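Colleague: Provide a 3D model corresponding to the input given below.
(chains A, B, C and D)
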There are 2 protein chains.
Amino acid sequence: MPRPRPTIRNVAERAGVSKSLVSLVLRGSPHVSEHRRQAVLQAARELGYRPNAVARSLVEGRTHLVGALVADLHNPFYAEFLDGLQESLHGDGLRMLIGNSQWDPAFEDEAVESFLELRVDGLVLLGIAPTSETLIEATAYTPTVVVGERDIELDGVDIVVDDDQLGARLAIDHLVELGHKRIAHIEGPRSSRCEGYLVAMRRHSLAPYIMVEAADASEEGGREAATALLTRDPRPTAIFAANDVVALGVLSAAADLGLRVPEDLSVVGYDNTHLSASRHISLTSVDQPRRAMGRSAAALLSDRIGDPGKVARLREIRPELIVRRSTGRV
Amino acid sequence: MPRPRPTIRNVAERAGVSKSLVSLVLRGSPHVSEHRRQAVLQAARELGYRPNAVARSLVEGRTHLVGALVADLHNPFYAEFLDGLQESLHGDGLRMLIGNSQWDPAFEDEAVESFLELRVDGLVLLGIAPTSETLIEATAYTPTVVVGERDIELDGVDIVVDDDQLGARLAIDHLVELGHKRIAHIEGPRSSRCEGYLVAMRRHSLAPYIMVEAADASEEGGREAATALLTRDPRPTAIFAANDVVALGVLSAAADLGLRVPEDLSVVGYDNTHLSASRHISLTSVDQPRRAMGRSAAALLSDRIGDPGKVARLREIRPELIVRRSTGRV
DNA sequence: CGCGGGGGAGACACATGTCAGGACCGCCCG
DNA sequence: CGGGCGGTCCTGACATGTGTCTCCCCCGCG
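Modeller: Numbers count the residues shown, from 1 in each chain, chains lettered A, B, ... in the order given. Got it, this is the predicted structure:
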């Protein structure tokens, strides 16, 4: 049976002062005598007083809360991003609320409604493009940063993405360096990766060898696409997959077809999931610096909270290639 | 430049009524004439009014917020648990705040402080035992459910865990059925799993074959422990690992030693991570019904919020064995 | 005309921050 | 020596946005 929490009043009574003074002490005002300050602090300690953030938010007009809406909490990319985000927000005195929409637009709207009712100071959209009316309206009222989606053109909405095209280029350069020519690509939801692949192939004068297969972003999708690619004649000697999960499907398909990795087939993924780091899989992959992206988003958001009405900014983060054992010489 | 949000007052003025009436309409009171109700609703719509949850919380003395403190957001177990939790809480009109402590007790305390200042209605501790003074005090003030930790003996703190011992038994029974005798166990942080293993082995009169190796809960730890086990003579024909990540290490070790899975060695994991579901790994594993556990925790918490001061309850969830391709006949 | 009841308005409460002002003291100058 | 002034410390009043409670008005019915 939780007893009612002590209020600033109770502290004031116990210390024999007015509640205003308690407030001043707690807010660290310099115009308080040491004597009273100690009395107040002791009373607060004895009562186990904790300031009521709800009341404080009401009067301040700020909640120091940031709502992060995630399309899919299971995606390790988002989890690690949130680490970086929280870490930095914490430094700015902001707390993070997480909502996950499970890829459902109705949940997205609902979660954002909640955030708005809570009067969050800022919004971070992870893998979610503000297209619904609710979300667009939200961005008008609340400082917002969108992560992982390009081509958002809303006033005052900042964007953080990794440089997909560069990432694709890193992958292709690596494979070319290993002597590969017939490098195929399995295209996922991020079309800019595919573009990067095309550009890089052309740059290496490998346009004739371009092979693209579309797949949905799942292991099964990757397996099917890879099977289609690997039964072509001549078959590709390397596959650059849209992401790690798809790449896992490629590994499955290769195993089914009796192809050894990397002797017969080199595979590159994208995202550097902990999957790929596993010794048992050891997948060469393009790493998006997730924490750094989280920190970057936090910086943009804090800045915008401090001064809304800034012009929208785009922050492109440089990805990096992590070479493991799934790629080798032809 | 976010314009100030409309308040209930603005709505009242526009509709030509008192703010009390607006409140009544919005709360769905039956004692309002249809005429005024429509006027209020229309005014609210036109202004894009959204009730201020902060003010409402202040007066209600309830925030309808639940704080979930997670030891490690990356652990897919927690992520999926949170799905179930949020799903159920949502049905009870509660919103979920997530804090992650990254296994750091200082962060735990800090996050809980935040929750308490926000006056959350309830607390869920995921993989975190309330041992610090702050946490214990928190459980006294706020309805709390602890997940994944046994042996908490605090008044009015409910517990949700899976039945480790049963899970271990399922794994061993399965292996015995396949004809295995020399079944080893790699022990992780949850000692009850090890006990379950011991009990199950004895029940099958396999006490002479008991082999246990301790490891920290990582792929590398699993690899080392497995190497130690597999170089014994005679070597075990099956290994029951403390969890999936450890099992992955076992697979690595087996590959290094030239042992085929499942022909030469059967492997069982625990947790049924998406790792194990991957076709490329296909690990037989004990599944903890994570969503169900989340829902169970939500139910306990809602109940306790409605009526604090109930006696502490322990909810043990039945795990289930998911058979895949990492186990086979001797 | 009186009474009952439905519908609406005003006052208060919630916990806190802030701001204007007041009490008190010491110092300086007349 | 007293009055004025400036400064320090503290207090009381007000504001934040909402829910609820009491009270009042007015209409209809007996």
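Colleague: A:Val176 - that's part of a strand, no?
Modeller: No: counting by DSSP: H, G, I helix; E, B strand; the rest coil, one finds A:Val176 to be helix, located in no strand.
Colleague: pLDDT value on it, please?
Modeller: On the pLDDT scale, A:Val176 is placed at 98.
Colleague: What about the residue nearest to it when sequence neighbours are not counted, how many residues nearby?
Modeller: Sequence neighbours aside, A:His204 is the residue nearest to A:Val176 in space, at 5.1 Å (criterion: CB to CB, 6 or more residues apart in numbering or on different chains). Every C-beta, even on glycine, is put in place using the N, C-alpha and C of the backbone. The burial count assigned to A:His204 is 18, neighbours taken as other CB atoms under 10 Å in any protein chain shown.
Colleague: Could you check how far A:Ile210 is from chain B?
Modeller: According to CB to the nearest CB, to the nearest Å, A:Ile210 and chain B sit 27 Å apart.
Colleague: Just to check, A:Thr134 is in contact with A:Ser114?
Modeller: No: applying CB atoms under 8 Å as the test, A:Thr134 and A:Ser114 come out as separate, 11.1 Å apart.
Colleague: So for the two, which residue has more residues nearby?
Modeller: The neighbour count for A:Thr134 versus A:Ser114, taken as other CB under 10 Å, is higher for A:Ser114 (20 against 16).
Colleague: list the contacts for the more buried one?
Modeller: The contact partners of A:Ser114, taken as CB atoms under 8 Å, 6 or more residues apart in numbering or on different chains, are A:Gly67, A:Gly99, B:Ala53, B:Arg95.
Colleague: can we see that at 7 Å?
Modeller: Residues near A:Ser114 by CB atoms under 7 Å, 6 or more residues apart in numbering or on different chains: A:Gly99, B:Arg95.
Colleague: In which helix or strand does it reside?
Modeller: Secondary structure from DSSP states H and E places A:Ser114 in helix A:105-117.
Colleague: do that helix and DNA strand D meet at all?
Modeller: No: on the criterion CB under 7 Å from any atom of the strand, helix A:105-117 is out of touch with DNA strand D, staying 8.7 Å away.
Colleague: buried residues in that helix?
Modeller: For helix A:105-117, the neighbour count (16 or more other CB atoms under 10 Å in any protein chain shown) marks A:Phe107, A:Glu108, A:Asp109, A:Ala111, A:Val112, A:Ser114, A:Phe115, A:Leu116 as buried.
Colleague: With respect to A:Arg169, which of the residues you listed is nearest?
Modeller: Nearest to A:Arg169 among the buried residues of helix A:105-117, counting by CB to CB, is A:Glu108 at 32.6 Å.
Colleague: was I right about that closest one contacting A:Leu126?
Modeller: No: counting by CB atoms under 7 Å, A:Leu126 is not a contact partner of A:Glu108; they are 10.8 Å apart.
Colleague: what helices or strands is the lowest-mean-pLDDT helix or strand in chain A leaning on?
Modeller: Least confident helix or strand of chain A, by mean pLDDT, DSSP states H and E, is helix A:274-277 with a mean of 86. If you count contacts as 3 or more CB pairs under 7 Å, 6 or more residues apart in numbering or on different chains; DSSP states H and E, helix A:274-277 packs onto helix A:244-256.
Colleague: picking that back up, could you list the alpha-carbon positions for the least confident helix or strand of chain A in CSV?
Modeller: Output in CSV follows, covering the C-alpha atoms of helix A:274-277 (Å, rounded to 0.1, in the frame of the first residue of the first chain):
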residue,chain,number,x,y,z
HIS,A,274,25.7,-9.4,-34.5
LEU,A,275,24.6,-12.2,-36.7
SER,A,276,27.4,-11.5,-39.1
ALA,A,277,29.9,-11.1,-36.3
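Colleague: pLDDT (mean, whole number) over the helix or strand just after that helix?
Modeller: For helix A:274-277, the following helix or strand on the C-terminal side (DSSP H and E) is strand A:284-287. Throughout strand A:284-287, pLDDT has a mean value of 97.
Colleague: Who does strand A:284-287 pair with, and is each partner parallel or antiparallel?
Modeller: For strand A:284-287, the paired strands and their directions (DSSP bridges) read strand A:266-270 (parallel), strand A:320-322 (antiparallel).
Colleague: Okay then, goodbye and thanks.
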